[in-house]
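**Q** Following is a predicted model, sequence given first.
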Amino acid sequence: MGLKIKLCIGFVLVSCSVWSQDEPYIRSFPEKLTVRLGMQNTSNSFTVFNEEDNSEVEFAPNNKTYLGVSFLFRSIELDFGYAPNFLSENQDNDGSRLFTLNFRMFLGQWMQTLDFYNQKGFFANIEGGAIYFPELKTLKIGGSTSRIFNKNFSFRAIGFQNEWQKKSAGSFIPRFTYYYTRFSFENPEALVNTEHTLNLAVGPGYYYNLVLAKHIILGAGGTLGAGMHISSSNGDTSANFLAQAIFRTVLGYNSENFFTGVNLNAQVLAYEDDETTAVADSLSFVEFYLGYRFNAPKKWVEKADKFNKKYGLD
């Protein structure tokens, strides 16, 4: 091999090495205001297992598909969702409703989420068919607190695309989860009209962002946890062991301004309600989304810079 060819190969290898070192793991957008639109198939369903005869009944909300809009700036992400009746899947939702509100905030390597679900109208899916309960309502309020250990891993890149993962990275992410749920049944003949539950779980998790190409990312991960389920109805209170499983997968396209992708997420909180009954409380969604980043007002950027500098969040 000639000297010139060896020199050329060496130059290319050194150049690639230098470029790889200079390329940042994460591209953030502190100067941008992001607007994100999504169509999401979502639900908070409950599956009841009878351990005596191995039967099960799933209580699934009537409303499922909703439109969501998100506004993102710096560490704050706010998401609104509503299930309109003009969507074909929602046209049989007489007297039912689904409203969701989600909030996510990042403080350094801490991530805080808050969720609100208000549902009315459920189908009880059994082997012989489905029975509709328009009087059944649930109200769920809760969220999670997580710690992202690897600074080179971006959860925002697979959450609401408020960052761009430029190089592949993963992170250990432990999570503390807490949800309060109120079940209401507006039927005077019902034995239990209202039940209150509190689910608490903590556990380790791991997530990885794989950069398939310059603009394409595949993110996946999960959390396994354990904790306690506390329920109260008719003046009686009980506490039982609770198991938690969370899984998330994202395939997305990202650029300086435009982004789009598909997001799948599922969370199951399983517990025994009594000696013969087990319940799986499931939060799940499949979403297609697209968004665009606009230049934020200079005053917003200046105030955010001052706030971050004051509290050491830079």
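**A** Sure, I can see it. Residues are numbered from 1 along each chain as shown.
**Q** Roughly how far does the residue nearest in space to the middle of the chain sit from Ile126?
**A** Centroid-nearest residue in the chain, with CA atoms, centre = their mean: Asn265, separated by 6.0 Å. Taking CB to CB, to the nearest Å as the measure, Asn265 falls 27 Å from Ile126. Glycine gets a C-beta too; all of them are placed from N, C-alpha and C.
**Q** residues in contact with the residue lying closest to Gly170 once chain neighbours are set aside?
**A** Nearest non-adjacent residue to Gly170, counting by CB to CB, 6 or more residues apart in numbering: Tyr208, 3.5 Å away. With contacts defined as CB atoms under 8 Å, 6 or more residues apart in numbering, Tyr208 is in contact with Phe153, Ser168, Ala169, Gly170, Ser171, Gly219, Ala220, Gly221.
**Q** could you redo the last one with a cut-off of 10 Å?
**A** Tyr208 makes contact with Asn150, Phe153, Ile158, Ser168, Ala169, Gly170, Ser171, Leu218, Gly219, Ala220, Gly221, according to CB atoms under 10 Å, 6 or more residues apart in numbering.
**Q** same question, Thr100
**A** Thr100 neighbours (CB under 10 Å, 6+ apart): 40, 42, 44, 66, 68, 79-83, 115-119, 140, 283, 285.
**Q** for the chain, what are the low-confidence residue spans?
**A** 1-22, 63-64, 77, 81-95, 128, 186-192, 311-314 (pLDDT under 70).
**Q** residue ranges of the helices in it, please?
**A** All helices of the chain, identified by DSSP state H, fall at 3-22, 156-159, 298-310.
**Q** Beta-bridge partners for the residue nearest to Gly170, please?
**A** Following DSSP bridges, Tyr208 is listed with bridge partners Gly170, Ala220.
**Q** Over to Phe80?
**A** Bridge pairing for Phe80 - DSSP bridges - gives Val69, Leu101.
**Q** from what I can see it touches Phe99, true?
**A** Yes. Phe80 is within contact range of Phe99, at 8.8 Å (criterion: CB atoms under 10 Å).
**Q** So for the two, which residues contact both of them?
**A** With CB under 10 Å, 6+ apart as the test, Phe80 and Phe99 both reach Tyr66.
**Q** give the contact list for the nearest residue to Ser233 once chain neighbours are set aside.
**A** Nearest non-adjacent residue to Ser233, counting by CB to CB, 6+ apart: Glu195, 4.0 Å away. The contact partners of Glu195, by CB under 10 Å, 6+ apart, come to Thr138, Thr181, Arg182, Phe183, Ser184, Phe185, Ser231, Ser232, Ser233, Asn234, Asp236, Asp273.
**Q** and what of Asp274?
**A** Glu51, Ser231, Ser238, Asn240 are the contacts of Asp274 under CB under 10 Å, 6+ apart.
**Q** so what's the backbone phi/psi at the closest residue to the first one other than its chain neighbours?
**A** Nearest non-adjacent residue to Glu51, counting by CB to CB, 6+ apart: Thr276, 5.2 Å away. The main-chain torsion angles of Thr276 are listed as degrees, to the nearest 10 and equal phi -120, psi 0.
**Q** do you know how far Thr276 is from Phe122?
**A** To Phe122, Thr276 is 22 Å away according to CB to CB.
**Q** One more: Gly221?
**A** As judged by CB to CB, Gly221 and Phe122 stand 30 Å apart.
**Q** which of the two has more neighbours?
**A** Neighbour tally, Gly221 and Phe122, criterion other CB atoms under 10 Å: the higher count belongs to Phe122, 28 against 20.
**Q** my guess is that one contacts Arg97, does it?
**A** No. At 11.5 Å, Phe122 does not count as touching Arg97 under the criterion of CB under 10 Å.
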